[in-house]
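**Student:** Just need the structure, nothing else, for what follows:
(2 chains)
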Amino acid sequence: MPDLSVFIVDDDASVRDSLGLLLSLRGYRTAIFSDAESFLQALSPAWRGCILLDIRMPGMDGLALQRRLLELGCSLPVIVITGHGDVESARDAFKAQAADFLEKPLDQAKLMVAIDEALSKYQLSRHESEQRARLSGLLATLTPREREVMELIVSGGHNRDIAEELGISPRTVEVHKARVMQKLNVDGVAQLVRYSLGNR
Amino acid sequence: MSTASRLGWADAVFLIAGYVALDWMSFFHPLHGPYITPWNPAPALGLVFVLRHGWKAALPPIAMAVLLAEIWVRSLPAALPASLAIAVILALGYGAIGDILRRQIGGMGIFSDRSGMLRWLAIVVVGTLLTSLFFVLALVGLGLVPASGWREAVGRYWIGDGVGILVSMPLLWMLFDERARLLLLVVVKRADTLGYLLAAAAALWGVAGLGAATDFKYFYLLFLPIIWAAARQGLAGAVLSAAVIQLGIIIVVHLQDFSAISVLEIQVVTGVLVLTGFFIGVVVDEQQRISAELRHTLRLAAAGEMAGALAHELNQPITALSAYGSACEELLARGETGERLKETIRLMVAESYRAAEVVRRLRDFFRTGTTRLEQVPLQELLTAAVASFTKRAASSGVTLTVEPVPAGALLADRPQLEVVLRNLLSNALAAVAEQPADRRQVTVSAALEGSDRICIRVEDSGPGLSGSAAARLFEPFNSTKSSGLGLGLAISRAIAEAHGGNLWAEIGERGVFRLLLPFEGTPANA
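**Tutor:** Next up, the predicted model:
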């Protein structure tokens, strides 16, 4: 997956080094951090990918970092790893929206599945939010009247009904409709409906 | 009940020869003819054989031995059929005592605890009384003892047999039992054996030298060496010194030509002396056994704690190993066989050493409880220990603080000290749980004690400890909690002591534990 990275945060040098090596050989871009603090310091909104996070670390532990990321509104999915596998920390991790929870020693296959799932989940949500952002940008270019017309079209009204409702001529409705289509860069009513639904 | 082992020809011959020899050795001061003597150790040998081999050691071997002794030692005082009858009566008596002992106590347990010892004493005392009764009645019936003197004869024979058996049987039993024999050998080689044997000789000299004029007034001196032996070496020491003292007494009464009646009295007192020693010895043995068992249990429990702590350490190298392994596969699949593969394999080897090191440490701990010392930065150790409790503290509203500590490192076994600190912190958190919400505080601090020791203090705002609670605090299995074994503090102290340090609790209004450990401070400018 291009331009996506796996961010590994683990206090054990061998663990993070070996995981970094393995993942890079498998074709992932990786970045490694030895503790939560240095990760937070480096964290940038431009980062794309997922986080592989060890729970037990000196200083700020994994679960605390996870909560902090949530507060910061960071959308990178977090895969939590633990050497203990206790129910309580698993519960805490999932409450803080962990993508997955893995036990050390790590099962390679499970790790790969978890990473791939986290990355595709990330891409999907990213794709959606990009779409949404693009659409809301486009919607902002509509005039209030055009917007009214669009909403009535989407709710299934015919030109005549819309004209009646807005107190304008069907011809004018026709013009507005064409402008909306053009501004939003869609070809037909069906696409317009799908588009506006996606924005709700 | 133990299974009887086979009695071979050699055993039977040994029994008969030994019995006759002991009888010959102890034949003096007879009363009413040659049968009633004040010291009879020979039956003790017979009992040991019956105990080991069952009834077949009594009949015919003991009967034959008694008959031979009559012919050889006593020049056959009665007609042969009468002597044969006497021999059979005695053999039946000893056989019955031995058999009851074997059924009631069994071979192994007989001298291993107080209850076995008490039952042995009771069976021997009652058994020899009955045997003496039947024996003397038979002698009266055969006209070998005057009917008027039967009571005196029973009493004397009973004392002669009873004391003879009580004093000699444990030693003989130990000599014939392989494990007990090894123990006896070990004990004999110790330095203090010479000490108490010399003391026994000195006491005998005192008893005999001064006692000849004073009617054995100083007999109590003999308690000293036997109690010394029993206290130092348990039953083995008691048995050994008892045998030496008994022989010494016999020699003394021979040399000084004591009257038969004084010899009898002395034998009774000797019986009491020896039994005192035996019981002290058994108690010492029991106590040593229990303390060894307890040490073992403690070590197991400590090892369990260690295993938990080390499992996490083991997870890391295993995780790294499997990742490096998969990376190697990946490299090979790409056809990379150069430096990168070599380097990865080298890393794998290093990780496997790391895992092996963890396992070795655990195994060492199981085996000897030894510790593997490394430099552990104090600050890091305390921070890590406290970090694992921050969540628990926060959820129960406890303020958990670490005060600034002196820079430097402990020379310590890290997982073991982690076990100690976890224990102390866990106890401290539990202690403040009942306090009002604004009075729940746990503070960890450390201060130098001299130049090379550090005192780590774990203080809590809990109710503190009373003097009696503090005294029992470190005893194993003494827990105030509903769950757990109460081993935590006992293990923790053991660990602290193994590091050349100590762990103790302060008596007072607040809970304070002090952990003293060797420390290497870093100079402030370093």
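
**Student:** which SS state does the residue nearest to B:Ser352 when sequence neighbours are not counted fall under?
**Tutor:** Nearest non-adjacent residue to B:Ser352, counting by Cβ to Cβ, 6 or more residues apart in numbering or on different chains: B:Leu321, 6.3 Å away. All C-beta spots, glycine's among them, are computed from the backbone N, C-alpha and C. Assigned state for B:Leu321: helix (three-state reduction, DSSP: H, G, I helix; E, B strand; the rest coil).

**Student:** Check B:Arg74 too.
**Tutor:** B:Arg74 ends up coil, using three-state DSSP.

**Student:** Report how many residues lie close to it.
**Tutor:** Other residues near B:Arg74 number 18, with proximity taken as other Cβ atoms under 10 Å in any protein chain shown.

**Student:** how about it, phi and psi?
**Tutor:** Note on B:Arg74: its backbone torsions stand at phi -110, psi 10 [degrees, to the nearest 10].

**Student:** mind listing what it touches?
**Tutor:** Neighbour list for B:Arg74: B:27, B:34-35 [criterion: Cβ atoms under 8 Å, 6 or more residues apart in numbering or on different chains].

**Student:** If we use 7 Å, what do you get?
**Tutor:** B:Pro34 (Cβ atoms under 7 Å, 6 or more residues apart in numbering or on different chains).

**Student:** which ones are touching A:Gln66?
**Tutor:** A:53, A:78, A:80, A:93, A:96, A:98.

**Student:** Let's verify B:Ile454: helix, strand, or coil?
**Tutor:** Classification of B:Ile454 by three-state DSSP places it in strand.

**Student:** That one against B:Glu520, yeah?
**Tutor:** No. Counting by Cβ atoms under 7 Å, B:Ile454 stays clear of B:Glu520, with 9.2 Å between them.

**Student:** quick one: the lengthiest helix in chain A near chain B?
**Tutor:** If you go by DSSP state H, chain A has its longest helix at helix A:108-139. Yes. Helix A:108-139 comes into contact with chain B (Cβ under 7 Å from any Cβ of the partner chain), by way of A:Gln108.

**Student:** Would you mind pulling up the elements that that helix packs against?
**Tutor:** Judged by 3 or more Cβ pairs under 7 Å, 6 or more residues apart in numbering or on different chains; DSSP states H and E, helix A:108-139 is in contact with strand A:49-54, strand A:78-82, strand A:100-103, helix A:189-198.

**Student:** cutoff 6 Å now
**Tutor:** Secondary-structure packing of helix A:108-139 (3 or more Cβ pairs under 6 Å, 6 or more residues apart in numbering or on different chains; DSSP states H and E): strand A:49-54.

**Student:** Please export the C-alpha coordinates of the strand it packs on as PDB.
**Tutor:** The C-alpha atoms that make up strand A:49-54 are tabulated as PDB, following Å, rounded to 0.1, in the frame of the first residue of the first chain:
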ATOM      1  CA  GLY A  49      -1.000   4.400   8.100                       C
ATOM      2  CA  CYS A  50      -1.400   2.600  11.400                       C
ATOM      3  CA  ILE A  51       0.200   2.300  14.800                       C
ATOM      4  CA  LEU A  52       1.700  -0.800  16.300                       C
ATOM      5  CA  LEU A  53       1.700   0.000  20.100                       C
ATOM      6  CA  ASP A  54       3.200  -2.000  23.000                       C
END
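
**Student:** on that earlier part again, of the contacts of A:Gln66, which pair is most distant in space?
**Tutor:** Pairwise distances across the contacts of A:Gln66 peak at 10.5 Å for A:Leu53 and A:Ala96 (criterion: Cβ to Cβ).

**Student:** more crowded one of the two?
**Tutor:** Taking neighbours as other Cβ under 10 Å, A:Leu53 and A:Ala96 compare with A:Leu53 leading, 26 against 19.

**Student:** In stretch B:407-427, which residues are buried?
**Tutor:** B:408-427 (16 or more other Cβ atoms under 10 Å in any protein chain shown).

**Student:** If you could redo that for stretch A:83-99, that was the one I meant.
**Tutor:** A:83-84, A:89-90, A:92-93, A:96, A:98-99.

**Student:** Quick check: the gap between B:Leu67 and A:Leu25.
**Tutor:** In this view, B:Leu67 and A:Leu25 are 95 Å apart by Cβ to Cβ, to the nearest Å.

**Student:** same deal with B:Phe135?
**Tutor:** 96 Å.

**Student:** Of these two, give the one with the bigger neighbour count.
**Tutor:** Between B:Phe135 and A:Leu25, counting by other Cβ under 10 Å, B:Phe135 is the more crowded of the two (24 against 20).

**Student:** Tell me the confidence at the more buried one?
**Tutor:** We note a pLDDT of 92 for B:Phe135 in this prediction.

**Student:** ok, now which ones touch it?
**Tutor:** Each residue near B:Phe135 by Cβ atoms under 6 Å, 6 or more residues apart in numbering or on different chains is listed here: B:Ile89.

**Student:** Am I right that it is in a helix?
**Tutor:** Yes. Under three-state DSSP, B:Phe135 falls within a helix.

**Student:** got the buried residues for the host helix or strand of B:Ile251?
**Tutor:** Applying DSSP states H and E as the criterion places B:Ile251 in helix B:223-255. Using 16+ other Cβ under 10 Å as the test for burial, helix B:223-255 gives B:225-246, B:248-250, B:252-253.

**Student:** May I ask which helix or strand encompasses residue 39?
**Tutor:** No chain in the question, so chain A it is. helix A:36-42.

**Student:** not quite, I wanted chain B
**Tutor:** Short version, using DSSP H and E: B:Trp39 is in no helix or strand.

**Student:** cool, B:Leu517 as well?
**Tutor:** strand B:511-521.

**Student:** Might you quantify the distance of that strand from its chain's geometric centre?
**Tutor:** 33 Å (Cα atoms, centre = their mean, to the nearest Å).

**Student:** same thing with stretch B:137-145?
**Tutor:** The chain centre lies 49 Å from the centre of stretch B:137-145; the measure is Cα atoms, centre = their mean.

**Student:** same check, this time on stretch A:34-51
**Tutor:** Averaging C-alpha positions (Cα atoms, centre = their mean) puts stretch A:34-51 16 Å from its chain's average.

**Student:** Stretch A:78-98 too?
**Tutor:** 21 Å.

**Student:** Could you do stretch B:239-256 as well?
**Tutor:** 29 Å.

**Student:** cool, stretch B:111-130 as well?
**Tutor:** Relative to the mean C-alpha coordinate of its chain, stretch B:111-130 is positioned 22 Å out (Cα atoms, centre = their mean).

**Student:** what do you get for stretch B:320-328?
**Tutor:** On Cα atoms, centre = their mean, the centre of stretch B:320-328 falls 51 Å from the chain's centre.

**Student:** Good, wrapping up.
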